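> with the sequence up front, the predicted model follows.
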Amino acid sequence: MSSSSAVQRSSLRTIGLCFIVALLEGLDLQATGVAAPHLVREFMLTPASLGWVFTAGLIGLLPGAVLGGWLADRFGRKRVLIVAVILFGLFSLMTAHSSSYEQLLIARLITGLGMGAALPILIALSSEVASAELRNMAVSLTYCGVPLGGACAALIGMFAIGGEWRTVFYVGGVTPLLIAVLLMIGLPESRRAERRQLTLAESASELLGRRRGLTTLLLWCSCFCTLTILYMLLNWLPTLLTERGLSRLDAAAIQVLFNLGGVGGSLLAGRLMDKGRSLLAVLLAYPGMLAALAALGHVELLQALYLAGVLAGACAVGGQLILYALAPRIYPSDVRATGVGVAVAVGRLGSMSGPLLAGQLLAAGAGVSGLLLATSPLVLLAACSAASVLQRDSERASAAAV
């Protein structure tokens, strides 16, 4: 076997394993939303307390993303990823066995730590092993595992025998433990991860210095706003739709379509970026998101709501993919996972804010339409920030080529 063929097989195996871990992360991220109606009855939850259940897992994502990215740059992507996968598998199982509201919150918090650590490593690995002309597609192929995992969670919720809410957490707990074994056997270590070991202070200087400061801040802003909207929808969409009068099965079907739309949006965004049409990807994602949110809040026809669910998923997940594909391009290899991790972590602040804010607004009587309308300024801010990052990245690439 030629060396180029061996490298290609290794790259494909790495991207495939990253995709599987992303799928499991997507399943676990949406498991709480799928189980939410059952959790309300089981633990006697109010809308505000349910919002904290959603938010507990997202709080864990924040330090997990920062530390996971930095530890991966320092000690190697492979070993840190394996620990992260084992962590979120074990505590997903603990979620299923929680006997009190407090135990439920702790289980989701620590599950979030593991998931938060995994995602920036997946993005950095898939970006590094792909050729330059397919780098964004490699990231999008990995990331589209997240909405596919969410679709799997929704399907498990639809067909769980007797409405047993623990099933989705059993699947989201046992499977990562099995996949961790495959990672030990089949995932090669990233050679780039071993070049230089930086302290946290040096890593921060690399992210905010060397004329990257404004680009980094714009990336963070767009990540925050985009994830606020995305995670509000991921966690609250079934509940919002049932409050509009839809049946549980119709709401679950729209959630599946939302996630399938996310797969399509992720792949389309990655392809456009590899073709040099990154700005077009932004112009499709964010105005489309506004249209989809308006439709989810006001459209009455069920078939139109199905289309709105697909569009919302394509635009929200596609918009986030654009940012995740941009992040590895901005930073050098020795701080790449750290840069991606911090961007993901800042976005996680939005992912924590979205579900919690939605719970508080609904508890205050804002209604579904009012809640979705309140997200419009965030969509516009995210779009402007993403376009600015693209412009600055293009100027940097042009300057480097001279």
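Happy to help now that I have it.
> helix or strand: which one has residue 228?
Here residue 228, judged by DSSP states H and E, is contained in helix 213-243.
> so what does that helix touch, helix or strand wise?
Packing partners of helix 213-243 (3 or more C-beta pairs under 8 Å, 6 or more residues apart in numbering; DSSP states H and E): helix 3-43, helix 47-75, helix 248-274, helix 278-298, helix 302-330, helix 336-363, helix 367-373, helix 376-401. Using the backbone N, CA and C atoms, a C-beta is placed for each residue, glycine as well.
> between the longest one and helix 47-75, how many degrees?
Looking back up the chat, that one is helix 3-43. Relative orientation of helix 3-43 versus helix 47-75 (axes from the mean of the first three to the mean of the last three C-alpha atoms, to 10 degrees): 150 degrees.
> which strands and helices sit next to helix 3-43?
Here helix 3-43 touches helix 47-75, helix 77-96, helix 101-129, helix 135-143, helix 145-159, helix 167-186, helix 213-243, helix 248-274, going by 3+ C-beta pairs under 8 Å, 6+ apart.
> quick one: mean pLDDT over that helix.
Averaging pLDDT along helix 3-43 gives 85.
> angle of it against helix 101-129?
Using the same axes, to 10 degrees, the interaxial angle of helix 3-43 with respect to helix 101-129 works out to 160 degrees.
> and what of the fifth one?
Relative orientation of helix 302-330 versus helix 101-129 (the same axes, to 10 degrees): 60 degrees.
> grab the most central residue of this protein for me.
residue 146 (6.3 Å; C-alpha atoms, centre = their mean).
> so who does that one touch?
22-23, 25-26, 29, 262, 317 (C-beta atoms under 8 Å, 6 or more residues apart in numbering).
> hang on, the earlier thing: and of the helices and strands packed on helix 3-43, who's closest to residue 17?
With C-beta to C-beta as the measure, helix 167-186 is the member of the helices and strands packed on helix 3-43 nearest residue 17 (6.1 Å).
> so which elements touch the closest one?
Counting by 3+ C-beta pairs under 8 Å, 6+ apart, helix 167-186 packs on helix 3-43, helix 77-96, helix 145-159.
> which pLDDT value goes with the residue lying closest to residue 260 once chain neighbours are set aside?
Distance criterion C-beta to C-beta, 6 or more residues apart in numbering; nearest residue to residue 260, sequence neighbours excluded, is residue 151 at 5.7 Å. pLDDT, residue 151: 80.
> buried stuff in stretch 215-235?
Applying a neighbour-count criterion of 16 or more other C-beta atoms under 10 Å, one finds 215-216, 218-235 buried in stretch 215-235.
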